[in-house]
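> This is a predicted model, with the sequence first.
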Amino acid sequence: MPRASYSHEASTTRSVVEVWDRLQEVDTWSNIGPVEHVWDPVHDDEGQLVSYRWSASVGPTTYRGKARVAEAAACELMVLDLDGGEIGGRLATRLSENGDGSRVTVTLTIVSKGTLSALFFPIVSDAVRKGLPEQVKRFVDHLDAA
């Protein structure tokens, strides 16, 4: 099945600790990649994000799915597995110190998981590729706004 991966980096004035704390808030994940809406977060006993539900519109199709934390290293990396049925992927957010703030690197990998989504994969992939830089900028602006 088709797969594509895109990455973009931006800087924030927030420390990696502050950014990590914001990554635990479900609203932080809205509007990154093709995701438009997020809801129904699950946190562990220590307040760390475990999963949430999401929806994304690509062209005329709305995908709904669940994001689950696949890997987490406090103040360094959070990797979410995205399952939307016909299409899925992985959203990795890597943090590093950058002077008085942080560098945030977002890598989004999308995977077609069905025959129908494979037909439209070039359109979906192109939309993600074109949109990711602006989405990462808004993502970091949201982190700064706290």
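In hand now; what should we look at?

> Do a quick rundown of the helices in this structure.
16-23, 115-144 (DSSP state H).

> who touches the residue most central in space within the chain in this structure?
When C-alpha atoms, centre = their mean is applied to the chain, the residue found nearest the centroid is residue 91 (4.4 Å). Listed by C-beta atoms under 8 Å, 6 or more residues apart in numbering, the contact set of residue 91 reads 29, 32, 33, 67, 79, 80, 82, 106, 107, 108, 109. C-beta here means a position set from N, CA and C on the backbone, and glycine is covered the same way.

> Now do it against residue 6, distance only.
Using C-beta to C-beta, to the nearest Å, residue 91 is found at 11 Å from residue 6.

> Can you pull the residues that touch both of these two?
Between them, residue 91 and residue 6 share the contacting residues 107, 108, judged by C-beta under 8 Å, 6+ apart.

> If I look at the closest residue to the residue nearest to the centre of the chain other than its chain neighbours, what pLDDT would I see?
Closest residue to residue 91 apart from its sequence neighbours, by C-beta to C-beta, 6 or more residues apart in numbering: residue 80 at 4.5 Å. Reported pLDDT at residue 80 in the predicted model: 96.

> so residue 80 sits right up against residue 66, yeah?
No - if you go by C-beta atoms under 8 Å, residue 80 and residue 66 don't touch, sitting 9.8 Å apart.
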